[in-house]
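Participant: Generate a structure from the sequence data that follows.
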Amino acid sequence: MVLVLIGVVGVWWALGGMRAADDPVTLAQAEARAQVLSERFEAALINHRDPRPLLPDIEQLAADRPDLADAHRLLGQMHSVQGRKQEAYNAFARALTLSENNAELQVLAGAGAEELGHWQDAERHYAAARTLKPDDAEVWVRLANVAIKQGHIDEARGILTEAIERDHALYEAHGLMATVQTTDGDEEAALASLERAYNLLLPKGGKDLQKVALRLADLLRSRGEPVVAEKVLRLPEPEDYFTPEIMAAHADALDAAGLADVAGQYYQQWSVREPANPLPAAEAVHWYLRGGDLNQARAMLVVLRRIDARHPRIPQFERDLRESARPE
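Facilitator: The predicted structure is shown next:
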């Protein structure tokens, strides 16, 4: 209990809890407060909590020590979380006037400029960060992305080549390189780059894997390879696979391969996992109908009615079933 109280008092002291209202805050005290607030801000984001309760303390820190770059950095990060793009960039820019040779601040300011669509400002900040941290491949990738946004494809290609040499396992570099290669009309090279990004992301899962899988599958389908596209989209983790966009692209790939009824089976699996969700049940009916499996279409229509008896697609499904059941 004593140790716990000591810890609580330590945090309170760092945040200025024992300071008289008219006592100036020393630089050491301000830095300690900034460290605590930074840790609490990061912990809130990691644990999916709202960091906004920290705002009064951050604003007070900036008021007490307007010469502290970390105070303005924290303000910028808080504004960014709140979607206040211009205020975020202004705070990062203010922080940079106090600590210009700070690579982290340059990256934050670059990201803030990107949010505003100010590509030249973003390029300037990322270029500064690259000079400060030339071995950080992620900074090179950010710089390449801004070059692509401005249509500087040759420049982006060179930057990405350097980034991949520094870190071959950086999937973002391969994904952007595929964008450059597609612009060049080099479909084979783009396919290879997307495959590298896909394979790097596959063990990790998540949104980035979904985005790359969709890009790779789209390219494969355009090349007349729907079966391969279908395999790419059959992501191993259910939370990645059973999502509207991935499932829709997977069903389209199966349909292009002449396997519409199999798409119905996968939607039925999703419906079993989420029995209160009408979307997979409705899609299962649609794809079973398209694949000619009327018995399974009827069975899934019963499921759909049980979930939502007023679902807007039910009347059309009923008409389609009647039409399909008529003898020719």
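Participant: and Gly112, how many residues sit next to it?
Facilitator: For Gly112, the neighbour count with other C-beta atoms under 10 Å is 26. C-beta coordinates here come from the backbone N, C-alpha and C atoms, glycine included.
Participant: what's near enough to touch it?
Facilitator: Taking C-beta atoms under 8 Å, 6 or more residues apart in numbering, we find Gly112 in contact with Gly76, Ser80, Lys85, Ala88, Tyr89, Phe92.
Participant: Inside helices: which ones of those residues?
Facilitator: Counting by DSSP state H, those place Gly76, Ser80, Lys85, Ala88, Tyr89, Phe92 in helices.
Participant: Can you report phi and psi for the closest residue to Leu74 other than its chain neighbours?
Facilitator: Closest residue to Leu74 apart from its sequence neighbours, by C-beta to C-beta, 6 or more residues apart in numbering: Ile58 at 4.7 Å. The phi and psi values for Ile58, taken as degrees, to the nearest 10, are phi -70, psi -40.
Participant: and the gap between Ile58 and Asp67?
Facilitator: Using C-beta to C-beta, to the nearest Å, Ile58 is found at 15 Å from Asp67.
Participant: just Glu195 next, same as before
Facilitator: Going from Glu195 to Asp67 by C-beta to C-beta gives 50 Å.
Participant: And those two? Which one has more around it.
Facilitator: The residue with more neighbours, out of Glu195 and Asp67, is Glu195; 17 against 11, by other C-beta under 10 Å.
Participant: what about the more buried one, which helix or strand?
Facilitator: helix 187-201 (DSSP states H and E).
Participant: Tell me where the model's unsure across the chain.
Facilitator: 1-23, 327-328 (pLDDT under 70).
Participant: Report the distance from stretch 153-162 to the chain centre.
Facilitator: 23 Å (C-alpha atoms, centre = their mean, to the nearest Å).
Participant: just stretch 93-107 next, same as before
Facilitator: Put simply, stretch 93-107 sits 25 Å off its chain's centre (C-alpha atoms, centre = their mean).
Participant: Please apply the same query to stretch 171-188.
Facilitator: 19 Å.
Participant: Downstream of the helix or strand hosting Pro280, the next helix or strand is which one?
Facilitator: Assigned by DSSP H and E, Pro280 belongs to helix 278-291. Using DSSP H and E, the helix or strand that follows helix 278-291 in sequence is helix 294-307.
Participant: what angle sits between that following helix and helix 278-291?
Facilitator: Here helix 294-307 runs at an angle of 160 degrees relative to helix 278-291 (axes from the mean of the first three to the mean of the last three C-alpha atoms, to 10 degrees).
Participant: For the following helix or strand past helix 294-307, enumerate the helices and strands it packs against.
Facilitator: For helix 294-307, the following helix or strand on the C-terminal side (DSSP H and E) is helix 314-325. With contacts taken as 3 or more C-beta pairs under 8 Å, 6 or more residues apart in numbering; DSSP states H and E, helix 314-325 sits against helix 278-291, helix 294-307.
Participant: Run through who's touching the first one.
Facilitator: Outside helix 278-291, the residues within contact range by C-beta under 8 Å, 6+ apart are 242, 244, 247-248, 251, 255, 259-265, 267-268, 270-271, 274, 294, 296-297, 300-301, 303-304, 307-308, 311, 313, 317, 320-321, 324.
Participant: same deal with stretch 95-104?
Facilitator: Stretch 95-104 is contacted from outside by 67-73, 76, 105-106, 108-109, 128-129, 132-133, 136, 139, using C-beta under 8 Å, 6+ apart.
Participant: show me the contacts for Ile307.
Facilitator: With C-beta under 8 Å, 6+ apart, Ile307 has these contacts: Pro275, Ala276, Asn277, Pro278, Ala281.
Participant: Produce a PyMOL select command limited to the buried residues of these.
Facilitator: Here is the PyMOL selection string for the buried members of those, based on 16 or more other C-beta atoms under 10 Å:
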select buried, resi 278+281
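Participant: which residues touch the residue nearest to Glu172 when sequence neighbours are not counted?
Facilitator: For Glu172, ignoring the flanking residues on the chain, the nearest one in space by C-beta to C-beta, 6+ apart is Val141 at 4.9 Å. The neighbours of Val141, taking C-beta under 8 Å, 6+ apart as the test, are Ile159, Leu160, Ala163, Leu170, Glu172, Ala173, Leu176.
Participant: swap the cut-off to 7 Å and go again
Facilitator: Residues near Val141 by C-beta atoms under 7 Å, 6 or more residues apart in numbering: Ala163, Leu170, Glu172, Ala173, Leu176.
Participant: which among those gets closest to Phe41?
Facilitator: For the contacts of Val141, the minimum distance to Phe41 (C-beta to C-beta) is 24.4 Å, reached by Glu172.
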